[in-house]
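1. Requesting a structural model of the entry that follows:
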Amino acid sequence: KQWYQRRVRGAVLMFVHSQDWDSAQRVAEAHDPGSVSDVLVGQARVAFDAKEYQKAETFLLRAERPELAVKYYKEGNQWEDALRLTQEYLPHKLQEVQDQYELYLSSGGGGGRDDMLTPAKTWEANGDYNRAIEAYLKMTIMQSTDYSLLEEVWYKALELALKFVPAKAQAVGNTIAQRLAEISRFESAGEAYLSIEM
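-> Model prediction:
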């Protein structure tokens with residue numbers, strides 16, 4: 001019996017290695033159902049290498065291996081998809097993946113507007129307003145010279161503080177008012193001070 005299982009498994013792996021997916025799937029389903037996930041994982045790896053991310057994700061979800069999809073997305077710097085999958089299938093790992101993403105950004109990865117705002121938006125969507133506020137406030141003139149964007153992002157932090165974390169509103173308001181003044185947005189700085197005084 002063991003000899004037979006080893007032979008079947010060897011045949012499945014041979015088909016996977018030669019990327020004969022139909023044969024691998026057929027043999028696995030008929031003789032070694034436990035190796036069906038190996039076939040799906042092999043197909044996913046090939047799809048990821050070909051940048052067919054959605055196809056690869058589907059294979060890995062069918063194989064019940066969402067953690068592998070997250071790993072591949074991270075390797076391909078597809079952080080938004082990695083965060084989405086983590087949130088949906090591995091919520092207990094969301095903090096860890098979020099931290100890895102922030103480390104990636106702080107080490108010079110990404111750099112686009114959406115890349116910089118993804119952590120804040122994710123925390124906000126999850127109702128973790130303290131972390132969202134911190135993430136919005138991480139945006140400074142070091143990350144962007146688009147002062148309108150900075151103003152918008154900082155006001156978002158203040159809005160969240162006023163609405164959901166009132167104990168933090170004073171400090172957030174003071175911080176963004178000071179930053180706005182530094183980029184010569186004096187009227188907006190004054191409005192920020194006024195909003196925390198009310």
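2. Does Met142 lie in a helix or a strand, and which?
-> Using DSSP states H and E, Met142 maps to neither a helix nor a strand.
3. That one: neighbour count?
-> Look at Met142: counted by other C-beta atoms under 10 Å, it has 7 neighbours. In short, each C-beta sits where N, CA and C put it, glycine included.
4. Next: Met116.
-> 19.
5. Look at it and tell me its secondary structure.
-> helix (DSSP: H, G, I helix; E, B strand; the rest coil).
6. Which other helices and strands does the lowest-mean-pLDDT helix or strand in the chain contact?
-> The weakest-scoring helix or strand in the chain, judged by mean pLDDT, DSSP states H and E, is helix 113-125 (a mean of 77). Here helix 113-125 touches helix 79-89, helix 94-106, helix 129-137, helix 147-164, going by 3 or more C-beta pairs under 8 Å, 6 or more residues apart in numbering; DSSP states H and E.
7. So what's the gap between stretch 93-101 and the chain middle?
-> In terms of C-alpha atoms, centre = their mean, to the nearest Å, the centre of stretch 93-101 is found 8 Å from the chain centre.
8. Not counting its neighbours along the chain, what's nearest the residue most central in space within the chain?
-> Nearest to the geometric centre of the chain sits Leu83, at 2.5 Å (C-alpha atoms, centre = their mean). Using C-beta to C-beta, 6 or more residues apart in numbering and skipping residues adjacent in sequence, the residue nearest Leu83 is Thr122, 5.5 Å away.
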